[in-house]
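>>> just coords:
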């Protein structure tokens, strides 16, 4: 039985940089997973909740197993280390909200007119500027970003 948690309202922001003048070359993507300490705290709390939830007697017949090798790890420090080592992206392929519409000094990318700070003639592809809590794929249908 698989039970996992997904952070939909994460605060960590990744970075995409161009590493060459060769336009067809892939950019360098750094997800910066768990860069914000609040995301770390939320992931640990979510992990602890899932561990408790999966230990109830009614679910034992389904054979729940921890995938991330953290059996018997209890301290927040050790859980954080294990999560950092085994989780690349805490959103499980829901990379939405990458174009934050907040002030640039707070890490935003877009102003209130959908203009990218400090650039001209640049297009950005994003599912949307915010993440819907129900399902990140909902943004694809609701936003014309």
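Thanks, I have it. From a predicted model like this one, the values you see are computed outputs, not experimental measurements.

>>> and the next helix or strand past the helix ranked longest in the chain?
Longest helix of the chain, by residue count under DSSP state H: helix 37-54. Counting by DSSP states H and E, the next helix or strand C-terminal to helix 37-54 is helix 57-60.

>>> helix or strand right after that next one?
Of the helices and strands lying after helix 57-60 in sequence (DSSP H and E), the nearest is helix 76-86.

>>> verify the contact between residue 17 and residue 32 for me.
No. Counting by CB atoms under 8 Å, residue 17 stays clear of residue 32, with 12.0 Å between them. For glycine as for every other residue, the C-beta is placed from the backbone atoms N, C-alpha and C.

>>> these two: which has the busier surroundings?
More crowded of residue 17 and residue 32, by other CB atoms under 10 Å: residue 32, with 13 against 8.

>>> how near is the nearest residue to the more buried one once chain neighbours are set aside to residue 50?
Nearest non-adjacent residue to residue 32, counting by CB to CB, 6 or more residues apart in numbering: residue 14, 4.8 Å away. As judged by CB to CB, to the nearest Å, residue 14 and residue 50 stand 24 Å apart.

>>> many thanks, have a good one.
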